[in-house]
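# With the sequence up front, the predicted model follows.
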Amino acid sequence: MSRTGAAPKPGIVHLGPGAFFRAFNAVFTEDAMAAEPGDWGIVAVSLKSPAARDQMAPQDGAYTSVTLGPEGAEYRVIGSVVRVLVAPEDPEKVLEAMCAGTTRIVSLTVTEKGYAHEPSTGRLNLKHPDIAHDLAGGAPRSAVGFLVEALARRRASGLAAFTVVTCDNLPSNGPLLRGLVLDFARARDADLAEWIAAEVAFPATMVDRITPATTEADIAALESAQGYRDPACVTHEPFRQWVIEDRFPTGRPAWDRVGAQMVTSVEAHETMKLRCLNGTHSTLAYLGYLAGYETIAETVADPDFARLCDRLWAEEIVPTLEQPEGEDLAAYCAALLERYRNPAIRHRTWQIAMDGSQKLPQRILGTLADNLAAGRESPGLVLAVAGWMRYVGGVDERGEAIDVRDPLADQLMAAWDGAEGAGAKASALLGMREVFSAELAGALQAPVSAALELLLDAGARAAVKERVQ
(Lines give C-alpha, C1' and ligand atoms only; values in the text may rest on other atoms or scores of the structure.)
Protein backbone atom coordinates (compact mmCIF):
# COMPACT_ATOMS: atom_id res chain seq x y z
CA MET A 1 0.00 0.00 0.00
CA SER A 2 1.21 3.54 -0.77
CA ARG A 3 -0.19 7.03 -1.24
CA THR A 4 -1.55 8.00 -4.64
CA GLY A 5 0.26 11.00 -6.11
CA ALA A 6 2.80 13.34 -4.53
CA ALA A 7 2.57 14.18 -0.85
CA PRO A 8 1.01 17.60 -0.18
CA LYS A 9 3.17 20.34 1.30
CA PRO A 10 2.65 20.74 5.05
CA GLY A 11 0.46 23.48 6.51
CA ILE A 12 -0.89 21.80 9.67
CA VAL A 13 0.84 20.32 12.69
CA HIS A 14 -1.40 17.92 14.58
CA LEU A 15 -0.76 16.75 18.14
CA GLY A 16 -2.14 13.27 18.81
CA PRO A 17 -2.15 11.00 15.70
CA GLY A 18 -4.43 8.36 17.21
CA ALA A 19 -7.31 6.48 15.64
CA PHE A 20 -9.80 9.34 15.86
CA PHE A 21 -7.49 11.80 14.11
CA ARG A 22 -6.90 9.31 11.32
CA ALA A 23 -10.62 8.54 10.99
CA PHE A 24 -11.71 12.17 11.12
CA ASN A 25 -9.34 15.16 10.82
CA ALA A 26 -7.01 13.60 8.27
CA VAL A 27 -9.90 12.35 6.12
CA PHE A 28 -11.68 15.72 6.19
CA THR A 29 -8.43 17.45 5.23
CA GLU A 30 -7.75 15.02 2.39
CA ASP A 31 -11.28 15.65 1.08
CA ALA A 32 -10.83 19.42 1.43
CA MET A 33 -7.60 19.42 -0.61
CA ALA A 34 -9.35 17.40 -3.31
CA ALA A 35 -12.20 19.91 -3.41
CA GLU A 36 -9.94 22.98 -3.31
CA PRO A 37 -6.19 22.37 -3.73
CA GLY A 38 -3.89 23.90 -1.13
CA ASP A 39 -0.82 23.24 0.98
CA TRP A 40 -2.51 21.60 3.95
CA GLY A 41 -0.48 18.45 4.44
CA ILE A 42 -0.29 17.33 8.07
CA VAL A 43 2.80 16.80 10.22
CA ALA A 44 1.47 14.49 12.94
CA VAL A 45 3.11 14.51 16.37
CA SER A 46 2.86 11.83 19.03
CA LEU A 47 3.47 13.32 22.47
CA LYS A 48 4.06 9.92 24.10
CA SER A 49 4.30 6.68 22.14
CA PRO A 50 6.21 5.96 18.91
CA ALA A 51 3.52 3.47 17.82
CA ALA A 52 1.85 5.69 15.20
CA ARG A 53 5.22 6.66 13.69
CA ASP A 54 6.39 3.06 13.61
CA GLN A 55 3.18 2.04 11.85
CA MET A 56 2.94 4.92 9.37
CA ALA A 57 6.54 5.87 8.50
CA PRO A 58 7.22 2.72 6.42
CA GLN A 59 4.08 3.61 4.45
CA ASP A 60 5.18 7.22 3.84
CA GLY A 61 2.44 8.40 6.18
CA ALA A 62 -0.37 6.74 4.23
CA TYR A 63 -2.92 4.43 5.86
CA THR A 64 -6.32 2.87 5.21
CA SER A 65 -9.62 4.32 6.37
CA VAL A 66 -12.23 1.56 6.69
CA THR A 67 -15.86 2.66 6.79
CA LEU A 68 -17.97 0.01 8.53
CA GLY A 69 -21.64 0.22 7.62
CA PRO A 70 -24.37 -2.30 8.33
CA GLU A 71 -24.13 -3.45 4.70
CA GLY A 72 -20.38 -3.95 4.56
CA ALA A 73 -16.97 -2.24 4.55
CA GLU A 74 -15.50 0.43 2.27
CA TYR A 75 -11.74 0.96 1.99
CA ARG A 76 -9.81 4.12 1.18
CA VAL A 77 -6.11 5.06 1.36
CA ILE A 78 -5.54 8.45 3.01
CA GLY A 79 -2.42 10.48 2.15
CA SER A 80 -2.85 13.82 3.92
CA VAL A 81 -0.26 12.96 6.61
CA VAL A 82 3.19 13.84 5.28
CA ARG A 83 5.33 13.02 8.34
CA VAL A 84 4.98 11.56 11.84
CA LEU A 85 7.20 12.82 14.69
CA VAL A 86 7.66 11.45 18.21
CA ALA A 87 8.04 14.35 20.65
CA PRO A 88 10.04 12.59 23.42
CA GLU A 89 12.63 11.44 20.86
CA ASP A 90 13.23 14.88 19.35
CA PRO A 91 11.20 17.74 20.83
CA GLU A 92 13.27 20.28 18.89
CA LYS A 93 12.14 18.79 15.58
CA VAL A 94 8.53 19.15 16.72
CA LEU A 95 9.10 22.81 17.59
CA GLU A 96 10.76 23.37 14.22
CA ALA A 97 7.63 22.04 12.50
CA MET A 98 5.37 24.23 14.65
CA CYS A 99 7.54 27.27 13.93
CA ALA A 100 7.78 26.73 10.16
CA GLY A 101 6.53 29.70 8.16
CA THR A 102 4.16 27.40 6.26
CA THR A 103 2.46 26.15 9.45
CA ARG A 104 -0.83 28.00 9.81
CA ILE A 105 -2.80 25.61 12.04
CA VAL A 106 -1.89 23.46 15.03
CA SER A 107 -4.67 21.03 15.89
CA LEU A 108 -5.08 18.57 18.74
CA THR A 109 -6.75 15.26 19.58
CA VAL A 110 -4.95 14.36 22.80
CA THR A 111 -8.03 13.21 24.81
CA GLU A 112 -9.36 14.97 27.86
CA LYS A 113 -6.43 13.99 30.06
CA GLY A 114 -3.93 15.47 27.59
CA TYR A 115 -4.81 19.01 28.64
CA ALA A 116 -3.35 18.64 32.16
CA HIS A 117 -6.23 20.61 33.62
CA GLU A 118 -8.56 20.19 36.55
CA PRO A 119 -11.91 19.12 35.01
CA SER A 120 -13.90 20.43 37.97
CA THR A 121 -12.52 23.98 37.55
CA GLY A 122 -11.30 24.17 33.95
CA ARG A 123 -7.96 25.63 35.10
CA LEU A 124 -4.47 24.40 34.31
CA ASN A 125 -3.07 22.03 36.92
CA LEU A 126 0.26 23.75 37.59
CA LYS A 127 1.32 20.78 39.74
CA HIS A 128 0.86 18.27 36.92
CA PRO A 129 4.29 16.64 36.42
CA ASP A 130 4.51 17.55 32.73
CA ILE A 131 3.38 21.14 33.31
CA ALA A 132 5.79 21.60 36.22
CA HIS A 133 8.60 20.20 34.06
CA ASP A 134 7.78 22.51 31.16
CA LEU A 135 7.54 25.59 33.37
CA ALA A 136 10.94 24.74 34.81
CA GLY A 137 12.40 25.32 31.36
CA GLY A 138 13.02 21.84 30.04
CA ALA A 139 12.18 20.67 26.52
CA PRO A 140 8.37 20.55 26.43
CA ARG A 141 6.47 17.38 27.29
CA SER A 142 2.86 18.61 27.46
CA ALA A 143 0.60 19.79 24.66
CA VAL A 144 0.19 23.16 26.39
CA GLY A 145 3.96 23.42 26.88
CA PHE A 146 4.63 22.80 23.19
CA LEU A 147 2.00 25.36 22.15
CA VAL A 148 3.41 28.09 24.37
CA GLU A 149 7.05 27.44 23.47
CA ALA A 150 6.26 27.41 19.74
CA LEU A 151 4.21 30.61 20.00
CA ALA A 152 7.01 32.28 22.00
CA ARG A 153 9.49 31.40 19.25
CA ARG A 154 7.19 32.65 16.51
CA ARG A 155 6.70 35.91 18.36
CA ALA A 156 10.45 36.34 18.83
CA SER A 157 11.13 35.72 15.13
CA GLY A 158 8.32 37.97 13.91
CA LEU A 159 6.20 35.15 12.47
CA ALA A 160 2.42 35.34 12.59
CA ALA A 161 0.74 33.11 15.16
CA PHE A 162 -0.82 29.85 14.05
CA THR A 163 -4.47 29.07 14.79
CA VAL A 164 -4.98 26.47 17.55
CA VAL A 165 -7.80 24.01 16.86
CA THR A 166 -8.73 21.55 19.59
CA CYS A 167 -10.91 18.63 18.51
CA ASP A 168 -11.36 16.92 21.88
CA ASN A 169 -14.60 16.42 23.79
CA LEU A 170 -14.34 19.31 26.21
CA PRO A 171 -16.98 21.96 26.95
CA SER A 172 -16.21 25.20 25.08
CA ASN A 173 -13.03 23.47 23.99
CA GLY A 174 -11.51 26.44 22.17
CA PRO A 175 -11.99 28.95 25.01
CA LEU A 176 -10.97 26.28 27.53
CA LEU A 177 -7.66 25.60 25.77
CA ARG A 178 -7.08 29.34 25.38
CA GLY A 179 -7.44 29.68 29.15
CA LEU A 180 -5.00 26.83 29.79
CA VAL A 181 -2.44 28.28 27.40
CA LEU A 182 -2.77 31.70 29.03
CA ASP A 183 -2.46 30.16 32.52
CA PHE A 184 0.83 28.59 31.42
CA ALA A 185 2.07 31.69 29.59
CA ARG A 186 1.33 33.97 32.55
CA ALA A 187 3.32 31.66 34.80
CA ARG A 188 6.21 32.00 32.37
CA ASP A 189 6.11 35.51 30.85
CA ALA A 190 3.34 38.11 31.27
CA ASP A 191 4.23 39.90 28.03
CA LEU A 192 4.03 36.64 26.08
CA ALA A 193 0.62 35.96 27.62
CA GLU A 194 -0.61 39.37 26.46
CA TRP A 195 0.64 38.68 22.92
CA ILE A 196 -1.07 35.28 22.82
CA ALA A 197 -4.31 36.78 24.14
CA ALA A 198 -4.25 39.39 21.37
CA GLU A 199 -2.91 37.37 18.43
CA VAL A 200 -3.89 33.70 18.70
CA ALA A 201 -7.27 32.33 17.61
CA PHE A 202 -8.65 29.29 19.44
CA PRO A 203 -11.82 28.38 17.52
CA ALA A 204 -14.21 25.99 19.24
CA THR A 205 -15.20 22.76 17.51
CA MET A 206 -17.58 19.85 17.83
CA VAL A 207 -16.46 16.50 16.38
CA ASP A 208 -18.43 13.30 15.99
CA ARG A 209 -17.52 9.95 14.46
CA ILE A 210 -17.58 6.70 16.40
CA THR A 211 -14.10 5.22 16.06
CA PRO A 212 -13.27 1.98 17.90
CA ALA A 213 -9.67 1.15 18.74
CA THR A 214 -8.09 -0.84 15.91
CA THR A 215 -7.58 -4.52 16.72
CA GLU A 216 -5.46 -7.26 15.16
CA ALA A 217 -8.72 -8.69 13.82
CA ASP A 218 -9.36 -5.41 11.97
CA ILE A 219 -5.87 -5.49 10.44
CA ALA A 220 -6.34 -9.12 9.39
CA ALA A 221 -9.77 -8.38 7.88
CA LEU A 222 -8.29 -5.56 5.80
CA GLU A 223 -5.47 -7.81 4.59
CA SER A 224 -7.94 -10.52 3.64
CA ALA A 225 -10.18 -8.08 1.77
CA GLN A 226 -7.56 -5.89 0.06
CA GLY A 227 -4.44 -8.03 -0.13
CA TYR A 228 -2.08 -5.86 1.93
CA ARG A 229 -1.25 -5.44 5.60
CA ASP A 230 -1.71 -1.99 7.16
CA PRO A 231 -1.06 -1.79 10.93
CA ALA A 232 -2.05 1.91 10.84
CA CYS A 233 -5.55 1.29 9.51
CA VAL A 234 -8.58 2.71 11.30
CA THR A 235 -12.20 1.62 11.34
CA HIS A 236 -15.13 3.96 11.85
CA GLU A 237 -18.83 4.42 11.25
CA PRO A 238 -20.15 6.13 8.06
CA PHE A 239 -21.51 9.14 9.99
CA ARG A 240 -19.34 12.18 10.61
CA GLN A 241 -20.05 15.69 11.83
CA TRP A 242 -17.67 18.60 12.31
CA VAL A 243 -18.96 21.95 13.53
CA ILE A 244 -16.28 24.67 13.57
CA GLU A 245 -16.23 28.26 14.78
CA ASP A 246 -15.00 30.05 11.67
CA ARG A 247 -12.03 32.03 13.06
CA PHE A 248 -8.87 31.34 11.04
CA PRO A 249 -6.84 34.55 10.59
CA THR A 250 -4.18 32.87 8.43
CA GLY A 251 -6.48 30.60 6.43
CA ARG A 252 -7.77 27.03 6.56
CA PRO A 253 -8.55 24.07 4.29
CA ALA A 254 -11.89 24.08 2.48
CA TRP A 255 -13.47 21.87 5.13
CA ASP A 256 -16.81 23.59 4.53
CA ARG A 257 -16.89 22.28 0.96
CA VAL A 258 -16.78 18.65 2.19
CA GLY A 259 -19.39 18.71 4.92
CA ALA A 260 -18.00 20.70 7.86
CA GLN A 261 -20.43 23.22 9.33
CA MET A 262 -18.73 26.62 9.73
CA VAL A 263 -20.66 28.63 12.32
CA THR A 264 -20.30 31.72 14.50
CA SER A 265 -20.90 29.75 17.71
CA VAL A 266 -20.37 26.05 18.37
CA GLU A 267 -21.61 26.01 21.95
CA ALA A 268 -25.12 24.63 21.43
CA HIS A 269 -23.92 21.90 19.03
CA GLU A 270 -21.07 21.00 21.35
CA THR A 271 -23.29 20.70 24.40
CA MET A 272 -25.79 18.64 22.41
CA LYS A 273 -23.10 16.18 21.39
CA LEU A 274 -21.32 16.02 24.75
CA ARG A 275 -24.53 15.34 26.64
CA CYS A 276 -26.57 13.33 24.11
CA LEU A 277 -23.83 11.16 22.61
CA ASN A 278 -20.92 11.20 25.03
CA GLY A 279 -23.17 11.23 28.09
CA THR A 280 -25.12 8.15 27.02
CA HIS A 281 -21.94 6.49 25.68
CA SER A 282 -20.33 6.75 29.13
CA THR A 283 -23.55 5.57 30.80
CA LEU A 284 -23.66 2.53 28.53
CA ALA A 285 -19.93 1.93 29.01
CA TYR A 286 -19.98 1.66 32.80
CA LEU A 287 -23.33 -0.03 33.24
CA GLY A 288 -22.90 -2.18 30.13
CA TYR A 289 -19.45 -3.35 31.18
CA LEU A 290 -20.73 -4.26 34.64
CA ALA A 291 -23.62 -6.13 33.03
CA GLY A 292 -21.14 -8.22 31.03
CA TYR A 293 -21.53 -6.58 27.61
CA GLU A 294 -18.35 -6.12 25.58
CA THR A 295 -19.56 -3.55 23.04
CA ILE A 296 -22.05 -0.71 22.77
CA ALA A 297 -24.01 -2.59 20.08
CA GLU A 298 -24.39 -5.58 22.42
CA THR A 299 -25.43 -3.28 25.27
CA VAL A 300 -28.24 -1.52 23.38
CA ALA A 301 -29.43 -4.85 22.01
CA ASP A 302 -30.71 -5.31 25.57
CA PRO A 303 -34.14 -3.61 25.46
CA ASP A 304 -33.73 -2.19 28.96
CA PHE A 305 -30.50 -0.43 28.05
CA ALA A 306 -32.07 0.94 24.85
CA ARG A 307 -35.00 2.22 26.94
CA LEU A 308 -32.51 3.78 29.35
CA CYS A 309 -31.02 5.79 26.46
CA ASP A 310 -34.46 6.94 25.29
CA ARG A 311 -35.43 7.96 28.81
CA LEU A 312 -32.16 9.79 29.39
CA TRP A 313 -32.58 11.79 26.21
CA ALA A 314 -36.24 12.61 26.66
CA GLU A 315 -36.36 13.32 30.39
CA GLU A 316 -32.87 14.17 31.62
CA ILE A 317 -30.66 15.45 28.79
CA VAL A 318 -32.67 17.24 26.10
CA PRO A 319 -34.52 19.43 28.67
CA THR A 320 -31.12 20.97 29.56
CA LEU A 321 -30.22 21.90 25.96
CA GLU A 322 -30.59 25.01 23.86
CA GLN A 323 -31.77 24.36 20.31
CA PRO A 324 -28.68 24.16 18.05
CA GLU A 325 -28.96 25.86 14.69
CA GLY A 326 -30.17 23.45 12.03
CA GLU A 327 -30.66 20.48 14.39
CA ASP A 328 -33.78 18.46 15.25
CA LEU A 329 -32.99 17.17 18.74
CA ALA A 330 -35.51 14.32 18.70
CA ALA A 331 -34.26 13.14 15.31
CA TYR A 332 -30.64 13.51 16.43
CA CYS A 333 -31.23 11.25 19.43
CA ALA A 334 -33.12 8.68 17.37
CA ALA A 335 -30.22 8.59 14.91
CA LEU A 336 -27.78 8.10 17.80
CA LEU A 337 -29.53 4.93 18.89
CA GLU A 338 -29.37 3.57 15.33
CA ARG A 339 -25.65 4.38 15.22
CA TYR A 340 -25.14 2.54 18.52
CA ARG A 341 -26.94 -0.50 17.06
CA ASN A 342 -24.60 -0.75 14.03
CA PRO A 343 -23.30 -4.34 14.43
CA ALA A 344 -20.22 -3.63 12.30
CA ILE A 345 -18.87 -1.16 14.88
CA ARG A 346 -17.32 -3.03 17.80
CA HIS A 347 -16.88 -0.07 20.13
CA ARG A 348 -15.83 -1.69 23.39
CA THR A 349 -17.42 -0.56 26.63
CA TRP A 350 -13.97 -0.86 28.25
CA GLN A 351 -12.46 1.58 25.75
CA ILE A 352 -15.14 4.23 26.35
CA ALA A 353 -14.83 3.72 30.12
CA MET A 354 -11.21 4.92 30.12
CA ASP A 355 -10.30 8.20 31.84
CA GLY A 356 -13.70 8.62 33.44
CA SER A 357 -12.43 11.12 36.02
CA GLN A 358 -11.63 13.44 33.11
CA LYS A 359 -14.79 12.74 31.12
CA LEU A 360 -17.55 12.72 33.73
CA PRO A 361 -17.64 16.48 34.45
CA GLN A 362 -18.49 17.50 30.88
CA ARG A 363 -20.39 14.39 29.80
CA ILE A 364 -22.67 13.84 32.80
CA LEU A 365 -22.05 16.13 35.77
CA GLY A 366 -22.93 19.34 33.93
CA THR A 367 -26.30 17.86 32.97
CA LEU A 368 -26.91 16.75 36.54
CA ALA A 369 -26.09 20.23 37.85
CA ASP A 370 -28.53 21.85 35.40
CA ASN A 371 -31.28 19.41 36.36
CA LEU A 372 -30.69 20.02 40.05
CA ALA A 373 -30.92 23.77 39.50
CA ALA A 374 -34.19 23.30 37.63
CA GLY A 375 -35.65 20.93 40.22
CA ARG A 376 -35.64 17.95 37.85
CA GLU A 377 -34.71 14.46 39.00
CA SER A 378 -32.06 12.49 37.10
CA PRO A 379 -32.39 8.84 38.12
CA GLY A 380 -30.67 7.51 35.00
CA LEU A 381 -27.64 9.82 35.17
CA VAL A 382 -27.34 9.24 38.91
CA LEU A 383 -27.19 5.51 38.18
CA ALA A 384 -24.48 6.24 35.60
CA VAL A 385 -22.38 8.01 38.25
CA ALA A 386 -22.89 5.07 40.60
CA GLY A 387 -21.88 2.75 37.74
CA TRP A 388 -18.66 4.72 37.29
CA MET A 389 -17.96 4.37 41.01
CA ARG A 390 -18.58 0.63 40.92
CA TYR A 391 -16.34 0.34 37.86
CA VAL A 392 -13.37 2.30 39.25
CA GLY A 393 -13.53 0.16 42.38
CA GLY A 394 -11.61 -2.28 40.20
CA VAL A 395 -13.62 -5.49 40.69
CA ASP A 396 -16.60 -6.48 38.54
CA GLU A 397 -19.82 -8.24 39.54
CA ARG A 398 -18.22 -11.65 39.02
CA GLY A 399 -15.36 -10.80 41.36
CA GLU A 400 -12.84 -10.38 38.52
CA ALA A 401 -10.37 -7.51 38.30
CA ILE A 402 -11.20 -4.56 36.05
CA ASP A 403 -8.31 -2.98 34.13
CA VAL A 404 -9.10 0.61 35.15
CA ARG A 405 -7.29 3.10 32.90
CA ASP A 406 -7.51 6.55 34.46
CA PRO A 407 -4.96 9.20 35.50
CA LEU A 408 -6.51 9.06 38.99
CA ALA A 409 -6.88 5.27 39.09
CA ASP A 410 -4.81 4.77 42.24
CA GLN A 411 -6.69 7.47 44.18
CA LEU A 412 -10.06 6.21 42.95
CA MET A 413 -9.39 2.61 43.98
CA ALA A 414 -7.99 3.75 47.32
CA ALA A 415 -11.12 5.79 47.99
CA TRP A 416 -13.32 2.82 47.12
CA ASP A 417 -11.31 0.28 49.11
CA GLY A 418 -10.99 2.56 52.12
CA ALA A 419 -14.74 2.84 52.74
CA GLU A 420 -17.33 0.28 53.84
CA GLY A 421 -20.87 0.28 52.49
CA ALA A 422 -22.51 2.10 49.60
CA GLY A 423 -22.99 5.40 51.40
CA ALA A 424 -19.39 5.62 52.60
CA LYS A 425 -17.98 4.58 49.23
CA ALA A 426 -20.13 7.17 47.45
CA SER A 427 -19.04 9.83 49.93
CA ALA A 428 -15.36 8.98 49.47
CA LEU A 429 -15.54 9.26 45.68
CA LEU A 430 -17.78 12.34 45.73
CA GLY A 431 -15.10 13.90 47.92
CA MET A 432 -12.60 13.92 45.07
CA ARG A 433 -12.50 17.61 44.14
CA GLU A 434 -10.65 16.86 40.89
CA VAL A 435 -13.99 15.47 39.67
CA PHE A 436 -16.86 16.82 41.79
CA SER A 437 -17.39 20.34 43.10
CA ALA A 438 -18.30 20.53 46.78
CA GLU A 439 -21.77 21.84 45.96
CA LEU A 440 -22.57 19.10 43.46
CA ALA A 441 -21.12 16.41 45.72
CA GLY A 442 -23.41 17.49 48.55
CA ALA A 443 -26.48 17.40 46.33
CA LEU A 444 -25.59 13.98 44.93
CA GLN A 445 -24.71 12.24 48.20
CA ALA A 446 -28.15 10.77 48.92
CA PRO A 447 -29.28 9.80 45.38
CA VAL A 448 -25.88 8.38 44.37
CA SER A 449 -25.60 6.40 47.60
CA ALA A 450 -29.03 4.86 46.95
CA ALA A 451 -28.14 4.06 43.32
CA LEU A 452 -24.82 2.53 44.34
CA GLU A 453 -26.52 0.39 46.95
CA LEU A 454 -28.95 -0.83 44.27
CA LEU A 455 -26.02 -1.70 41.97
CA LEU A 456 -24.16 -3.54 44.70
CA ASP A 457 -27.23 -5.48 45.81
CA ALA A 458 -28.95 -6.24 42.50
CA GLY A 459 -26.30 -5.84 39.77
CA ALA A 460 -26.26 -3.57 36.73
CA ARG A 461 -28.89 -5.35 34.62
CA ALA A 462 -31.46 -5.39 37.39
CA ALA A 463 -30.66 -1.80 38.37
CA VAL A 464 -31.16 -0.58 34.81
CA LYS A 465 -34.37 -2.57 34.51
CA GLU A 466 -35.70 -0.97 37.71
CA ARG A 467 -34.84 2.55 36.52
CA VAL A 468 -36.70 2.19 33.20
CA GLN A 469 -39.89 0.59 34.54
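Nice, thanks for sending it over.

# Which residue ranges make up each domain of this structure?
For the chain, whose domains are defined here by automatic domain parsing, the residue ranges read 10-263, 267-467.

# would you turn these into JSON lines with distance to residue 4, mean pLDDT and mean neighbour count?
Glycine gets a C-beta too; all of them are placed from N, C-alpha and C. Written out in JSON lines, the entries for those read as follows (distance: least, CB to CB, whole Å; pLDDT from 0 to 100; neighbours: other CB atoms under 10 Å):
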{"stretch": "domain 10-263", "distance to residue 4": "6", "mean pLDDT": "96", "mean neighbour count": "19"}
{"stretch": "domain 267-467", "distance to residue 4": "26", "mean pLDDT": "96", "mean neighbour count": "19"}
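
# any chance of those in a markdown table, plus distance to residue 1?
Formatted as a markdown table, the domains of the chain follow (distance: least, CB to CB, whole Å):
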| stretch | distance to residue 1 |
| --- | --- |
| domain 10-263 | 5 |
| domain 267-467 | 22 |
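
# ok, which stretches of the stretch 101-250 of the chain are strands?
Counting by DSSP state E, counting those that start in this stretch, the stretch 101-250 of the chain forms strands over residues 105-108, 117-118, 123-124, 163-166, 205-208, 234-236, 241-245, given from the N-terminal end onward.

# In a markdown table, list the ones you listed along with distance to residue 38.
Converted to a markdown table, the strands of the stretch 101-250 of the chain look like this (distance: least, CB to CB, whole Å):
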| stretch | distance to residue 38 |
| --- | --- |
| strand 105-108 | 12 |
| strand 117-118 | 33 |
| strand 123-124 | 34 |
| strand 163-166 | 15 |
| strand 205-208 | 19 |
| strand 234-236 | 24 |
| strand 241-245 | 16 |
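
# Out of those strands, the one nearest residue 468 is which?
Relative to residue 468, the nearest member of the strands of the stretch 101-250 of the chain by CB to CB is strand 205-208, separated by 25.6 Å.

# Given that closest one, what are its sheet partners and their directions?
Strand 205-208 sits in its sheet next to strand 241-245 (antiparallel), going by DSSP bridges.

# residues contacting residue 38?
Contacts were defined as CB atoms under 8 Å, 6 or more residues apart in numbering; by that measure residue 38 touches 11, 32, 253, 254.

# Are we agreed that residue 14 is in a helix?
No: under DSSP: H, G, I helix; E, B strand; the rest coil, residue 14 falls outside any helix and is assigned strand.

# Residue 107 is in contact with that one, correct?
Yes: under the contact definition of CB atoms under 8 Å, residue 14 touches residue 107, with a separation of 4.8 Å.

# Can you check which residues contact both of these two?
Residues touching both residue 14 and residue 107 by CB under 8 Å, 6+ apart: residue 25.

# so how far is residue 337 from the residue nearest to residue 135 when sequence neighbours are not counted?
Excluding the flanking residues, the one nearest residue 135 by CB to CB, 6 or more residues apart in numbering is residue 187, at 5.7 Å. With distances defined as CB to CB, to the nearest Å, the gap from residue 187 to residue 337 amounts to 45 Å.

# one step back: any idea how far the residue nearest to residue 135 lies from residue 136?
The spacing between residue 187 and residue 136, counted by CB to CB, is 11 Å.

# try residue 120
According to CB to CB, residue 120 stands 26 Å off from residue 136.

# Likewise for residue 353?
34 Å.

# dump the residue contacts of residue 415.
If a contact means CB under 8 Å, 6+ apart, then residue 415 has 425, 428, 429, 431, 432 as its contacts.
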